[in-house]
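A.B. asks: Sequence first, then the predicted structure:
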Amino acid sequence: MGADPPEVFVICAMEDIARGGARPFLLHRLDEDGAARPLRLLVVRTRDDAFHGYVNACPHAGSWLNIDAGEVFTPDRGRLRCGRHGAEFEIESGLCVRGPCAGESLTPLALVLVAGDVCLCGIRLVEDDDPPRHPEDLEDSLEITIHP
C-alpha cells in the first residue's frame, strides 16, 4: 500500500498576492500530540510568477520578517529582509546572505498551486471555517494577567 497523499490547505487565491509581493499569514498547526501551535507563514510571489513559502521567523532571533514597519523586502525588492535586525535572504532559497545569521536559512514550507489557489501541503492544520488570518488583522497588543 502507498503512503497517504499529503494534506493540502488553501491559503489564498494566487491573485491575492501581486507579482513581486509577499503576504504573511497566521495559521495553527497540529503537533503530534494534537495540540494546536501557531504557524506564521510568509508567501512570496516573484516577478516571474513563482511562489515560495517560508516560516515567518528570522533564524537569528525568531522575530517575524515583517515586524516593525511590516515590509519584508529590501528597498530594491531583490531580497527578503528581517525588520528587526536587517538580515537579508535570497527569495528563491531563503538563504541569509547578509546580517547576523549569514549562512543560515529561513525554514521552507511546501506550496502547490491548485486551480488558481496557493495551497500549503504536508502540514496538519487546525480545521477552521474562517479564512487564514493576516497578522496585520491582529492587534499589536499583549494581554498580561497578574495573579496575587
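C.D. replies: Received, thanks. Residues are numbered from 1 along each chain as shown.
A.B. asks: From residue 8, how far off is residue 59?
C.D. replies: 27 Å (CB to CB, to the nearest Å). Glycine gets a C-beta too; all of them are placed from N, C-alpha and C.
A.B. asks: Tell me the buried residues in the helix or strand containing residue 89?
C.D. replies: Residue 89 is located in strand 88-90, with elements delineated by DSSP states H and E. Neighbour counts over strand 88-90 (16 or more other CB atoms under 10 Å) mark 88-89 as buried.
A.B. asks: Likewise for stretch 57-73?
C.D. replies: Buried residues in stretch 57-73 (16+ other CB under 10 Å): 57-60, 63-67, 72-73.
A.B. asks: what's the answer for stretch 80-88, then?
C.D. replies: Here stretch 80-88 shows 80-84, 87-88 as buried, counting by 16+ other CB under 10 Å.
A.B. asks: Also stretch 34-54?
C.D. replies: Quick answer for stretch 34-54 (16+ other CB under 10 Å): 39-45, 51-54.
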